[in-house]
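Trainee: Need the 3D shape of this:
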Amino acid sequence: MRRLRIILLSVLLIAVVNCKKSGSTSDTTPPTPPTVTDTLIKGADISWLTEMEAAGRKFYDSAGAEQDCIRILKGLGMNTVRLRVWVNPANGWNGQSDVIAKAVRAKNLGMKVMIDFHYSDSWADPGQQTKPVAWAALDFASLKQSLISHTSSVLNGLKAAGVTPNWVQIGNETNDGMLWPDGKASTSMSNFAQLVNAGYNAVKAVDPSIKVIVHISNGWDNSLYRWIFDGLKNNGAQWDVIGMSLYPSVTNWATLNGQCLSNMNDMVARYGKEVMVVEVGMSWDQAGACNSFITDLVAKVRSVSGGKGLGVLYWEPEAYNNWQGYTLGAFDNSGKPTTALNAFK
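Mentor: Model (predicted):
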């Protein structure tokens with residue numbers, strides 16, 4: 001009997017070994033699931049980066065190890081960088097060569113690139129849309145041509161360096177148009193639409209796959225968005241994506257996120273265009289609230305009707321220790337990312 005048991009056990013062992021050799025997985029661990037690629041755009045405007053580095057600022061991962069800032073952001077789940085462009089900046093930062101250098105670094109780390117044309121020598125936003133000094137005395141036809149030439153020059157320079165942006169903004173926070181007074185929307189929506197089309201056509205001439213963004217602030221303000229985009233549509237303007245800014249406080253972010261979602265869905269229904277929140281920020285020392293704000297906003301962008309919510313980008317998270325007086329970054333005073341950015345993971 002004992003001999004029979006030994007023979008039976010030997011036969012069973014041989015059968016198990018042969019079964020494994022034949023590729024059966026009935027008694028093995030389940031196979032690794034396929035990798036799921038998140039197509040949502042999660043990123044940051046890092047336009048200050050090279051200027052900060054030149055000033056000696058260092059960046060550290062959450063463990064305190066010095067590391068390239070773009071690599072840190074990628075490790076936190078970001079896949080895109082946004083870069084502003086100024087025409088003739090006084091110190092060179094955000095000029096064409098500086099933008100190309102940053103874009104190449106980002107592309108080499110596998111990041112997508114968004115280019116944000118301000119069409120100014122410095123900041124352009126809802127309160128100021130100042131013409132570049134070199135364009136100040138031009139008539140409107142020449143102004144449009146200068147916009148086309150500048151847009152083409154920057155994008156062709158990027159292309160020559162091996163970078164084709166995924167998105168290009170024609171203007172920055174153009175709540176009342178751009179290149180004032182000629183392109184002021186409240187004075188001449190027609191002129192603003194012509195400037196948008198000049199930029200749109202310049203972008204598509206370089207590469208028709210690049211998506212063109214028209215960007216305004218206050219993503220919660222539906223009446224503002226309807227006024228601008230109805231005006232542009234009625235004057236024949238073309239665009240692919242509606243870009244938004246959203247800068248809530250610790251106390252009102254939930255309300256503004258809800259209003260922003262309603263606005264995004266209305267933009268999709270009204271114009272059939274994609275939407276993206278291209279700027280967000282909150283006080284750097286409110287990391288917990290900021291994390292909740294961004295986590296909720298990302299979920300809301302994912303829920304936009306028709307899958308037309310593209311993504312969320314933080315504005316200059318790497319700004320720390322009161323860099324140029326800006327306090328809405330998401331790094332602490334030692335140069336490490338706060339938990340606010342964990343919302344992008």
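Trainee: Checking Asp116 next. Helix, strand or coil?
Mentor: Secondary structure assignment for Asp116 (DSSP: H, G, I helix; E, B strand; the rest coil): strand.
Trainee: and it, how many residues sit next to it?
Mentor: Residues within reach of Asp116, counting by other Cβ atoms under 10 Å, total 26. All C-beta spots, glycine's among them, are computed from the backbone N, C-alpha and C.
Trainee: List the contacts of it.
Mentor: 45, 47, 82-85, 169, 172, 215, 278 (Cβ atoms under 8 Å, 6 or more residues apart in numbering).
Trainee: next one: Asp125
Mentor: 172-173, 217.
Trainee: Any figure for the gap between it and Asn252?
Mentor: 21 Å (Cβ to Cβ, to the nearest Å).
Trainee: so which of the contacts of Asp125 comes closest to Trp323?
Mentor: Checking these against Trp323 by Cβ to Cβ gives Asn172 as the nearest, at 19.5 Å.
Trainee: does the closest one really touch Ala124, like I thought?
Mentor: Yes - if you go by Cβ atoms under 8 Å, Asn172 and Ala124 touch, sitting 4.8 Å apart.
Trainee: what touches both of the two?
Mentor: In contact with both Asn172 and Ala124: 118, 178, using Cβ under 8 Å, 6+ apart.
Trainee: Confirm Val113 sits in a strand?
Mentor: Yes - assessed with three-state DSSP, Val113 lies in a strand.
Trainee: Backbone torsions only: list them for the residue nearest to it when sequence neighbours are not counted.
Mentor: Closest residue in space to Val113, ignoring its immediate chain neighbours: Pro165 at 4.6 Å, by Cβ to Cβ, 6 or more residues apart in numbering. With angles defined as degrees, to the nearest 10, Pro165 sits at phi -60, psi 150.
Trainee: Now do the contacts for Pro165.
Mentor: 103, 113-115, 155, 158, 210.
Trainee: Which parts of the stretch 1-150 of the chain are helices?
Mentor: Counting by DSSP state H, counting those that start in this stretch, one finds helices in the stretch 1-150 of the chain at the ranges 2-21, 49-54, 69-75, 96-108, 140-160.
Trainee: Glu316: which of the ones you listed is closest?
Mentor: Per Cβ to Cβ, nearest to Glu316 of those: helix 49-54, 8.8 Å.
Trainee: Please identify the buried residues of that closest one?
Mentor: If you call a residue buried by 16 or more other Cβ atoms under 10 Å, then helix 49-54 has these buried ones: 49-52.
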